[in-house]
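In: Quick one, what's the 3D model for this:
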Amino acid sequence: MSAGLAESATGRMALALTVNGRLHRVEAEPRSHLGDVLREGLNLTGTHLGCEHGVCGACTVLLDGEPARACLTFAGACAGAAVTTVEGLDEDEVAAELRAAFNREHALQCGYCTPGMLVAARDLVLRLPEADERRVRVGLSGNLCRCTGYAGIVRAVTGVIAARRARGIGPEAGAADPPGAVGAGLGEAAAASRPPATPARSGAPAAVSDLAGDFAPAHRFAQAIDLAHPPEAVFALLNDIEAVAACLPGAVLAGRPEADTVEGGLQVRIGPIRATFRGRARIARDEAGLSGRVRGAGSDAGGRSATEGEIRYRVSPGPAPGTARVDLDVGYTLTGPLAQFGRPGLVRDLAGRIAAEFARTLDARLSGAVGPAPAALDPFRLALGLLRARLAAWRGRA
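Out: As a prediction, the model looks like this:
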């Protein structure tokens, strides 16, 4: 067991945390998140709890030097980690400049979002090479403010960046990383359970992830696609990996696929987080049963988000003669920053929209037409369609 984590006789965990430069030993329930331990165990109430779903950003702290959501992070996973709250930034030079700029630009009103906003803004000041308003807005999009309208906040952050760059103070190493409160460090308890990351050289391809032999998905859901083509023709096309990739939004192949293995990537953008997952999938087919299984894993270039998944599919006759139905059983596990946006209900809804886009391009290819290019994997457009569908459902129940 980690030196920073032990189990007491009461069933509570004994944690050793370095908080704001001081070593603390506290006891907490295994299900306690870091925000509760900071507020109730250490009386550091500057870390505010808002939504407690990782959406509002009010609880943002630094975990091993990187922004993280305290409401989503289990305290037990932080054993041995270094945590910095807004109280620990009293003597910090960048935070001092930001506090002055926030006052000058009227970048706070009620102040509830301000601690998390300052932590996220400090990260941007240290990372961004120049005062780019668009990138500042993207970087702060994970921190919500109900009072100011953001204009003063953006002016304050861009002003501090511009002033520091004018004084010859450049960004720290890692400026090319996606900005914003996306979180990473998990302390020695979590780090010990995974292999050490290999630093990526600039311009070097990301490492290809492979699926673990004992993979067990955290979530599962089922999906069905109806196509106006014979089952045999649909199954034959699904065996053509290059054709399938051409129909799937955001998918790219890395080289020519082999009979049972394919390497490639999937480009995803969700809110302030952009990631290109690269990985490997293994394919098994049952020609007689018109079924198959795809198992794969992928990680983004920085190694901060990762996914593993399995798709089982079966092609059967559709409701009308000459039609087919593809039944999908999907299991997946999502870790890292993207996991905070990967709640099962949202994933199922977005998967339905992606499946509809996939069916549209697949149908065109089966018809022999020059199929339309699949739309980019744009969760905002998909979420808008989801909102419209739900509004229509609510009206139907009214």
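
In: after the lengthiest strand in the chain, next one along is what?
Out: Longest strand in the chain, counting residues (DSSP state E): strand 273-286. Next along the chain after strand 273-286, taking DSSP states H and E as the criterion, comes strand 291-299.

In: Tell me what angle that next one forms with strand 273-286.
Out: Orientation of strand 291-299 against strand 273-286 (axes from the mean of the first three to the mean of the last three C-alpha atoms, to 10 degrees) gives an angle of 150 degrees.

In: Next, the residues that contact the following helix or strand past strand 291-299 from outside, please.
Out: Helices and strands here follow DSSP H and E; after strand 291-299, the next one along the chain is strand 306-317. The contact list for strand 306-317 (C-beta atoms under 8 Å, 6 or more residues apart in numbering) reads 209, 211-212, 215, 217, 231, 234-235, 238, 277, 279, 289-300, 323-336, 338. Placement of C-beta: from N, CA and C, glycine included.

In: Taking strand 306-317 as reference, get the angle to the longest strand of the chain.
Out: Going by the same axes, to 10 degrees, strand 273-286 makes 40 degrees with strand 306-317.

In: What segments of the stretch 101-250 of the chain are helices?
Out: Along the stretch 101-250 of the chain, the segments classed as helices by DSSP state H, counting those that start in this stretch run 114-127, 133-139, 151-166, 187-191, 231-238, 241-247.

In: got the angle for the fifth one vs strand 291-299?
Out: Our comparison of helix 231-238 with strand 291-299, counting by the same axes, to 10 degrees, yields an angle of 20 degrees.

In: Find me the pLDDT at D36, would you?
Out: Looking at D36, its pLDDT stands at 94.

In: quick one: the helix or strand hosting it to chain centroid distance?
Out: When elements are assigned from DSSP H and E, D36 belongs to helix 34-36. Relative to its chain's centre, helix 34-36 lies at 21 Å (C-alpha atoms, centre = their mean, to the nearest Å).

In: List the buried residues for the helix or strand following that helix?
Out: The helix or strand immediately downstream of helix 34-36 is strand 60-63, counting by DSSP H and E. The neighbour-count criterion (16 or more other C-beta atoms under 10 Å) identifies 60-63 as the buried residues of strand 60-63.

In: Format those as a markdown table; extra columns: distance to A131 and pLDDT.
Out: Below are the buried residues of strand 60-63 laid out as a markdown table (distance: C-beta to C-beta, whole Å; pLDDT from 0 to 100):
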| residue | distance to A131 | pLDDT |
| --- | --- | --- |
| T60 | 21 | 95 |
| V61 | 25 | 95 |
| L62 | 22 | 94 |
| L63 | 26 | 90 |
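
In: wait, what's in contact with G265?
Out: Counted by C-beta under 8 Å, 6+ apart, G265 has contacts 251-252, 254, 276-279, 298.

In: Would you verify that it is located in a strand?
Out: Yes. Under DSSP: H, G, I helix; E, B strand; the rest coil, G265 sits within a strand.

In: okay, the helices of the stretch 101-250 of the chain in a markdown table with mean neighbour count and distance to E93 next?
Out: Shown next, in a markdown table, are the helices of the stretch 101-250 of the chain (neighbours: other C-beta atoms under 10 Å; distance: least, C-beta to C-beta, whole Å):
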| stretch | mean neighbour count | distance to E93 |
| --- | --- | --- |
| helix 114-127 | 25 | 10 |
| helix 133-139 | 17 | 19 |
| helix 151-166 | 20 | 9 |
| helix 187-191 | 20 | 26 |
| helix 231-238 | 18 | 58 |
| helix 241-247 | 18 | 49 |
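
In: which one of the ones you listed lies closest to A79?
Out: A79 lies closest to helix 187-191 among those, at 4.1 Å (C-beta to C-beta).

In: what does the average pLDDT come to for that closest one?
Out: 39.

In: try stretch 258-275
Out: Rounded mean pLDDT across stretch 258-275 is 67.

In: swap in stretch 294-313?
Out: pLDDT averaged over stretch 294-313 gives 76.

In: now do stretch 99-110
Out: 95.

In: end to end, how far does stretch 44-53 reach?
Out: Counting by C-alpha to C-alpha, to the nearest Å, you get 20 Å between the two ends of stretch 44-53.

In: Now do it: everything it contacts.
Out: Contacts of stretch 44-53 (C-beta under 8 Å, 6+ apart): 19-20, 33, 35-36, 38-39, 56-59, 61, 70-72, 85-87, 112-113, 115-116, 144.

In: Could you give the bridge partners of P317?
Out: Under DSSP bridges, the beta-bridge partners of P317 are A324.

In: Can you classify the closest residue to A224 other than its chain neighbours by secondary structure?
Out: Nearest in space to A224, with sequence neighbours left out and distances taken as C-beta to C-beta, 6 or more residues apart in numbering, is D327 at 5.3 Å. Of the three states, D327 takes strand under three-state DSSP.

In: for D327, what are its contacts?
Out: Counting by C-beta under 8 Å, 6+ apart, D327 has contacts 222-224, 313-314, 316.

In: swap in H229?
Out: H229 neighbours (C-beta under 8 Å, 6+ apart): 322-324, 363, 366-367.

In: Most neighbours among those residues, please name it.
Out: Taking other C-beta atoms under 10 Å to define a neighbour, the member of the contacts of H229 with the most is A324, carrying 22 neighbours.

In: Quick check: most distant residue from the centroid of this protein.
Out: Largest separation from the mean C-alpha position in the chain: P321, at 42.4 Å (C-alpha atoms, centre = their mean).

In: Where does that one sit, in terms of helix or strand?
Out: Per DSSP H and E, there is no helix or strand for P321.
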